[in-house]
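J.: Here is a sequence with its predicted model. Questions after.
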Amino acid sequence: MDAVFSAFAVLLFAAVILMIEGAWLWWSGAHGGGARRIAKRLRLMAASGNGGGERIDILKRRTYSRNPALEKQLRRIARVARLALLDRLLLQAGVRWSVAQFLGCSLLMLALGLLLPWMAGMPAAPAVGALALAGALPWMLLMRARRARLRKLEEQLPEAADFLGRALRAGHSFANVMQMVGEEMPEPIAGEFKFAYEEVNYGVPMNEALHNLALRVPLTDLRYLVIAVLIQRESGGNLAEVFGSISRLIRARLKLLAQVRVMSAEGRMSAWILCLLPVGVLVLMALANPGYVRVLWTDPIGVRLVWYAMGIAVLGVLWMRKLIRIRI
């Protein structure tokens, strides 16, 4: 119990420190001197009629934290803790959180998952499950936001490819076409192409900017588009026709994917029911007859059966997830 309490105290202390740091960064970013200077400059630009001004500042390297000391520590442990991968996931999900803020939220959830079961006097098996759920919740929300954003980007890619082809046929350069996509297409694809154009505008080579675009948006269709542009820059060719072919290919694949989702809807619904049915039955039985269910965490054999049931349920969820996920 002393080791658990010490671990909880350390996690709670780190979570409080990171929460305070996040609140200070939010206040300084919204009401600090730098924010006032930027707002004043934007007002001057708007008053002068320069509505199409460039971005005030652009950083080639993303920071893990705005606190220099914390940034230095995170950079020091980045290779061991794979913080670059986490930063890439945050970038792909389109969230505004930094690595430090996400880690602070994760530590806070772990502290709550450790404290609440201990205060409620939960048995070991449910307490471990609550701790695992609390630790995995921020990552689950992050991956869900990433999947939703990538799905929306994938749906916008055919329109963007057609737009690129039409603009190239009209005689625009590829850099100007990227700017036009960033200004006229809806989000989130507009922001990605606009960021790539700004990288080129600030001196990044076109090939590197396109590679960064494919890194921020890990979609196979977008990689086809980037490879087509890179090959055309090396060997020449009709890039507008290539964009038209890519657009037709993406639309055909999305149509087939929609048909597969419709045909597999029954299997996905069955998987959800089978996954939630044991939990629902356990909750109903605990409400209707608590003494009948209490044996599962008061008797040693019941605790062992609960662990076995949890392991088999996890294996079943993973197996059903593998069956219903069909890649096109």
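T.: The structure has been received and is ready for your questions.
J.: Show me the shaky parts of the chain.
T.: Scanning the chain for pLDDT under 70 picks out the ranges 1-5, 7-10, 27-62, 78-81, 120-123, 125, 327-328.
J.: Check which helix or strand the residue located most distally from the centre of it maps to.
T.: What lies farthest from the middle of the chain is residue 291; by Cα atoms, centre = their mean that is 43.0 Å. Residue 291 is located in helix 290-293, with elements delineated by DSSP states H and E.
J.: so what secondary structure elements neighbour that helix?
T.: For helix 290-293, the packing partners by 3 or more Cβ pairs under 8 Å, 6 or more residues apart in numbering; DSSP states H and E come out as helix 265-288. (Each C-beta comes from the backbone N, C-alpha and C, glycine too.)
J.: Just list what the helix it packs on packs against, helices and strands only.
T.: In terms of contacts (3+ Cβ pairs under 8 Å, 6+ apart), helix 265-288 is packed against helix 290-293, helix 300-324.
J.: the inter-axis angle of the last one versus helix 265-288?
T.: Taking axes from the mean of the first three to the mean of the last three Cα atoms, to 10 degrees, helix 300-324 and helix 265-288 form an angle of 160 degrees between their directions.
J.: Just give me how far helix 300-324 sits from the chain centre.
T.: Centroid separation between helix 300-324 and its chain, computed with Cα atoms, centre = their mean, to the nearest Å, is 27 Å.
J.: Buried residues in it, which are they?
T.: Residues of helix 300-324 classed as buried by neighbour count (16 or more other Cβ atoms under 10 Å): 302, 303, 306, 310, 320, 324.
J.: Is residue 96 in a helix, a strand, or coil?
T.: For residue 96, the assignment made with DSSP: H, G, I helix; E, B strand; the rest coil gives coil.
J.: Equivalent analysis for residue 171, please.
T.: coil.
J.: Residue 12: which of the helices and strands packed on helix 265-288 is closest?
T.: helix 300-324 (27.1 Å; Cβ to Cβ).
J.: Identify the residues contacting the closest one?
T.: The list of residues contacting helix 300-324 from outside it, by Cβ atoms under 8 Å, 6 or more residues apart in numbering, reads 123-125, 129, 264, 267-268, 271, 274-275, 278, 295-297.
J.: List the contacts of the nearest residue to residue 86 once chain neighbours are set aside.
T.: Distances taken as Cβ to Cβ, 6 or more residues apart in numbering place residue 99 nearest to residue 86, at 5.6 Å, with adjacent residues excluded. Neighbouring residues of residue 99 by Cβ under 8 Å, 6+ apart: 64, 65, 74, 83, 86, 87, 90.
J.: so how many other residues sit close to residue 157?
T.: Residue 157 has 22 neighbours, counted by other Cβ atoms under 10 Å.
J.: Just want the angle from the one helix or strand it maps to to helix 300-324.
T.: Using DSSP H and E, the element containing residue 157 is helix 124-169. Orientation check (the same axes, to 10 degrees): helix 124-169 against helix 300-324 gives 10 degrees.
J.: about what we covered before: by neighbours, which of the contacts of helix 300-324 wins?
T.: residue 296 (20 neighbours).
J.: Please tell me how far the residue lying closest to that residue once chain neighbours are set aside sits from residue 295.
T.: In space, and not counting its chain neighbours, residue 296 is closest to residue 302: 4.1 Å by Cβ to Cβ, 6+ apart. Residue 302 is 5 Å from residue 295, where distance means Cβ to Cβ, to the nearest Å.
J.: With residue 95 instead?
T.: Taken as Cβ to Cβ, the span from residue 95 to residue 295 is 44 Å.
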